[in-house]
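A.B. asks: sharing a sequence plus its predicted fold:
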Amino acid sequence: NNQHPLSEYEKSPDMIADRVPEIPCELWEWGVAHRSGSLRAFAPEKVQLSLMPSDDATVTATGIRYATCFYTCEKAMEEHWFERARQKGRWKVRISYDPRHMDEIYLHEDVKRGKFIPCTLTEKSRHHRGRMLWEILQVNGEERRSQRNHEPQALRSRINLNEKIKGIVNEAEAMRSEAPPPSGGARQRTGNIRENRSKESQENRKL
């Protein structure tokens, strides 16, 4: 309330003339001094959402992606956002979030009227349920470090596999080159068998 500016706050002409910052405390003090208790009232949900940090999320074929988590909502499903992202490419949307509880983020629909659409975690990101933002970032950092540490081992495994395949191919080619060429002995034996059968048939006819 003392430092976070309300970027979407709609100031009155008097506030603009007096150059009142869009900070809750400053707006409150200006209202008490100039409107003698006639401050505008807002629903608690709108105030809470307006005070949350905002950022850009990305609509992908898998879901609305933010901080490596994927979310979905009724609006995205009804308007086939994920199918469009798969066919035409990704795009950005504005969201608000509570860093203490990342099971939901809030899609900006009409901020001036306090309209936010809740988006829930998809099954793909169910392992992040109940986590705060810093926990999610910590888990992601550990996963990236683990992948980097595994890369040399994976590279050695690929090299060993390629060498093994190359050795098998070379061995097969060597065996093929060393095999003796087919001789005429088999053909000669086949011819002798035919000739003997012919002679045997002739002898049988004579009998």
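C.D. replies: Looks like it came in fine. Residues are numbered from 1 along each chain as shown.
A.B. asks: pull out the buried positions in the longest strand anywhere in the chain.
C.D. replies: As assigned by DSSP state E, the longest strand anywhere in the chain is strand 101-110. For strand 101-110, burial by neighbour count (16 or more other C-beta atoms under 10 Å) applies to 102, 103, 105, 106, 107. In short, each C-beta sits where N, CA and C put it, glycine included.
A.B. asks: same list, these, but as TSV with pLDDT and distance to residue 19 please.
C.D. replies: Rendered in TSV, the data for the buried residues of strand 101-110 read as follows (pLDDT from 0 to 100; distance: C-beta to C-beta, whole Å):
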residue	pLDDT	distance to residue 19
102	93	36
103	94	39
105	94	33
106	93	30
107	93	32
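A.B. asks: out of these, which one sits closest to residue 4?
C.D. replies: residue 106 (16.0 Å; C-beta to C-beta).
A.B. asks: let me see the contact set for the closest one.
C.D. replies: 49, 52, 95, 96, 97, 116, 117, 118, 119 (C-beta atoms under 8 Å, 6 or more residues apart in numbering).
A.B. asks: how about the residue nearest to it when sequence neighbours are not counted, what does it touch?
C.D. replies: Nearest residue to residue 106 in three dimensions, chain neighbours excluded: residue 116, at 4.0 Å (C-beta to C-beta, 6 or more residues apart in numbering). Contacts for residue 116 (C-beta under 8 Å, 6+ apart) come out as 49, 96, 106, 107, 108, 109.
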